[in-house]
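Asker: test case, fold it:
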Amino acid sequence: MPLTRDLKLAYGVVHRMWVSRRNRRNLVEADPSRLAPAPGTVRVAVYFADGPVNLYQIRQWYSPLAELNKTHPVAIVVRTPATMLALLAESPVPVVYARQVVDLEAFVASQPIAMTLYVNQNSRNFQMMRYGRMWHVFVNHGESDKMYMTTNQFKTYDYAFVAGDAAVERLSSKLWDYDLAKRAIPIGRPQADHFRGALPYTPDERTVVLYAPTWEGDRPSAAYGSIVSHGVPLVGALVATGRHRVIYRPHPRSGVVDPTYKAAHESIVAAIAAANAADPSAHHVYDDGPQLGWQLAAADVAITDISAMVYDRLATGRPLLVARPASPEADVDDNGYLGHAEWVTAQDASGIVAQVDRVLHDDESQARLAFWTRHHFGDTTPGSATERFEAAVQTLVDRWHQFEAVHPLKAGESSIDH
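Answerer: Okay, here's the model as predicted:
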């Protein structure tokens with residue numbers, strides 16, 4: 001009814017206001033200045049205007065940024081109090097809280113920023129991109145064949161750091177009059193050099209299977225999530241064998257749009273808890289923690305939806321299955337890796353055990369995997385992608401110096417005027 005809807009909307013507005021005020025109060029008590037960089041030190045800014053729900057996008061860059069910070073001082077710029085509270089607790093590099101544009105201007109004016117990196121396409125990116133005298137570089141938060149990876153918004157940035165040959169081919173087929181040779185710089189997947197972390201179980205003879213589905217999406221063409229269509233029978237079959245250990249890591253937004261999707265997610269969590277109660281040695285894991293890396297490194301086989309997780313796993317060169325979207329309206333690009341992936345349909349989900357065994361031992365599957373790993377990420381020797389990432393940063397820092405020498409600031413001018 002209209003009245004009920006209006007009351008819910010009003011409650012939502014009031015609740016959001018209360019949460020915002022609480023976060024601002026907590027932030028004052030936490031003292032955001034304690035992680036702020038000293039003036040005149042930051043060479044690489046990382047701009048993140050999103051709220052906590054999208055923290056996964058910046059978290060996966062923590063380790064590469066911490067490594068980069070050793071040679072090119074880094075600071076993450078945050079625009080919301082809730083996100084700043086989270087980063088105060090976990091960021092490995094300095095963090096700047098710039099809630100208002102005036103705060104952003106003060107930061108830019110006080111630092112010799114050579115470039116700003118962007119991990120997503122938030123519309124508030126433009127509030128940082130208005131500043132000249134620095135390069136604006138899109139680094140994204142993952143590699144995938146989603147529509148998002150060929151958006152015309154790439155043209156907004158001076159440069160884009162991309163994963164490899166597949167990304168260049170993808171962009172060349174979609175973007176008109178875009179100078180890929182100059183503006184797209186392949187770096188591989190530096191995050192994969194830092195896939196580590198303490199295991200929440202003691203390794204044994206069990207085959208470890210990571211199931212990492214994405215959320216349900218907000219439109220039919222992006223309905224890639226498999227929790228409803230695949231997840232319940234898939235997880236049920238694996239926990240029943242006694243020889244598999246399941247790590248269930250759903251997208252943090254799972255169930256935010258569709259209550260049915262949320263219910264299926266909760267059913268999987270309950271199944272994992274029941275299996276652990278029946279056999280404490282199983283140590284199945286429901287993982288909703290902030291750290292991503294150990295799951296990809298520990299799993300003998302990974303099962304993912306069409307998402308960046310496909311390519312995070314592909315970067316390890318280890319066995320991978322992809323859940324084929326049940327929705328016929330989901331946009332699937334079969335031209336690249338997905339045209340050769342090891343698919344799991346909704347009808348096949350209950351037979352997942354046989355498919356896991358196959359990709360572990362089949363020579364043809366292993367050969368296909370090796371080819372597509374190279375095509376997407378180039379050399380995946382540990383440390384190689386980190387070297388390429390840092391070399392790309394150094395190249396742009398050198399280029400910044402070249403342009404700064406030709407266009408020096410005049411007396412009395414500020415960097416925020418350009």
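
Asker: now do the helices in the stretch 151-300 of the chain.
Answerer: 165-174, 180-183, 232-239, 259-278, 294-298 (DSSP state H, counting those that start in this stretch).

Asker: right, and the helix or strand after the helix or strand of the chain with the lowest mean pLDDT?
Answerer: Across the helices and strands of the chain, mean pLDDT, DSSP states H and E gives its lowest value to helix 2-30, namely a mean of 58. Counting by DSSP states H and E, the next helix or strand C-terminal to helix 2-30 is strand 44-48.

Asker: tell me the helix or strand right after that following strand.
Answerer: helix 56-59.

Asker: show me where the stretch 251-400 of the chain has strands.
Answerer: Counting by DSSP state E, counting those that start in this stretch, the stretch 251-400 of the chain has strands at residues 285-286, 301-304, 320-323, 343-344.

Asker: ok, residues contacting the first one?
Answerer: Applying CB atoms under 8 Å, 6 or more residues apart in numbering, the contact partners of strand 285-286 are 200-201, 245-248, 268-269, 272-273. Heads up, the C-betas are built off the backbone N, CA and C, glycines and all.

Asker: tell me the mean pLDDT over it?
Answerer: Across strand 285-286, the average pLDDT comes to 98.

Asker: over to the last one?
Answerer: On average, the pLDDT along strand 343-344 is 97.

Asker: list the helices and strands it packs on?
Answerer: strand 320-323 (3 or more CB pairs under 8 Å, 6 or more residues apart in numbering; DSSP states H and E).

Asker: listing partners with orientation, what would you give for the strand it packs on?
Answerer: Sheet pairing of strand 320-323 (DSSP bridges) gives strand 301-304 (parallel), strand 343-344 (parallel).

Asker: mean pLDDT and mean neighbour count added to the helices of the stretch 151-300 of the chain, as JSON lines?
Answerer: Listed next are the helices of the stretch 151-300 of the chain as JSON lines, based on pLDDT from 0 to 100; neighbours: other CB atoms under 10 Å:
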{"stretch": "helix 165-174", "mean pLDDT": "91", "mean neighbour count": "17"}
{"stretch": "helix 180-183", "mean pLDDT": "95", "mean neighbour count": "13"}
{"stretch": "helix 232-239", "mean pLDDT": "98", "mean neighbour count": "22"}
{"stretch": "helix 259-278", "mean pLDDT": "97", "mean neighbour count": "16"}
{"stretch": "helix 294-298", "mean pLDDT": "93", "mean neighbour count": "21"}
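
Asker: rebuild those helices as CSV, extending it with distance to residue 150.
Answerer: Shown next, in CSV, are the helices of the stretch 151-300 of the chain (distance: least, CB to CB, whole Å):
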stretch, distance to residue 150
helix 165-174, 4
helix 180-183, 12
helix 232-239, 30
helix 259-278, 26
helix 294-298, 25
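
Asker: out of those helices, which comes closest to residue 156?
Answerer: When the helices of the stretch 151-300 of the chain are compared by CB to CB, helix 180-183 sits nearest residue 156, at 11.0 Å.

Asker: got the CA coordinates for that closest one in CSV?
Answerer: What follows is helix 180-183 as a C-alpha-only set of coordinates in CSV (Å, rounded to 0.1, in the frame of the first residue of the first chain):
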residue,chain,number,x,y,z
LEU,A,180,45.4,1.5,-26.9
ALA,A,181,49.1,1.5,-27.7
LYS,A,182,49.6,4.6,-25.6
ARG,A,183,46.9,4.6,-23.0
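
Asker: so what touches that helix?
Answerer: With CB under 8 Å, 6+ apart, helix 180-183 has contacts from 157-160, 168, 171-172.

Asker: tell me the two of these that are most distant?
Answerer: Applying CB to CB across those, the maximum distance is between 158 and 172, 18.3 Å.

Asker: relative to residue 407, how far out is the closest residue to residue 115 other than its chain neighbours?
Answerer: Nearest in space to residue 115, with sequence neighbours left out and distances taken as CB to CB, 6 or more residues apart in numbering, is residue 135 at 4.0 Å. Distance, residue 135 to residue 407, by CB to CB, to the nearest Å: 14 Å.

Asker: point out where the protein drops to low pLDDT.
Answerer: 1-24, 26-31, 144-148, 412, 417-418 (pLDDT under 70).

Asker: one step back: reformat the contacts of helix 180-183 as a markdown table; add distance to residue 375.
Answerer: Compiled in a markdown table, the contacts of helix 180-183 are given as follows (distance: CB to CB, whole Å):
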| residue | distance to residue 375 |
| --- | --- |
| 157 | 24 |
| 158 | 26 |
| 159 | 22 |
| 160 | 18 |
| 168 | 10 |
| 171 | 14 |
| 172 | 14 |
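
Asker: hang on, the earlier thing: so which of the strands paired with strand 320-323 is nearest residue 394?
Answerer: Comparing the strands paired with strand 320-323 by CB to CB, strand 301-304 comes nearest, at 33.0 Å.

Asker: from the chain's centroid, how far away is that closest one?
Answerer: 17 Å (CA atoms, centre = their mean, to the nearest Å).

Asker: coming back round to it: the residue nearest to residue 115: how many residues sit nearby?
Answerer: 20 (other CB atoms under 10 Å).

Asker: look up how far residue 129 lies from it.
Answerer: 11 Å.

Asker: spit out the residues that contact the two alike.
Answerer: residue 116.

Asker: which residues touch residue 316?
Answerer: Residue 316 touches 192, 195, 296-297, 380, counting by CB under 8 Å, 6+ apart.

Asker: adding distance to residue 365, write the residues you listed out as JSON lines.
Answerer: Below are the contacts of residue 316 laid out as JSON lines (distance: CB to CB, whole Å):
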{"residue": "192", "distance to residue 365": "20"}
{"residue": "195", "distance to residue 365": "21"}
{"residue": "296", "distance to residue 365": "18"}
{"residue": "297", "distance to residue 365": "20"}
{"residue": "380", "distance to residue 365": "18"}
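
Asker: relative to residue 340, which of those is nearest.
Answerer: So of the contacts of residue 316, ranked by how close each gets to residue 340 (CB to CB), first place is residue 380, at 17.8 Å.

Asker: count the residues that sit near the closest one.
Answerer: Under the criterion other CB under 10 Å, the count of neighbours that residue 380 has is 20.

Asker: also the one 10 residues further on?
Answerer: Applying other CB under 10 Å, we find 18 residues neighbouring residue 390.

Asker: roughly how far does it sit from residue 158?
Answerer: Applying CB to CB to residue 390 and residue 158 gives a distance of 18 Å.
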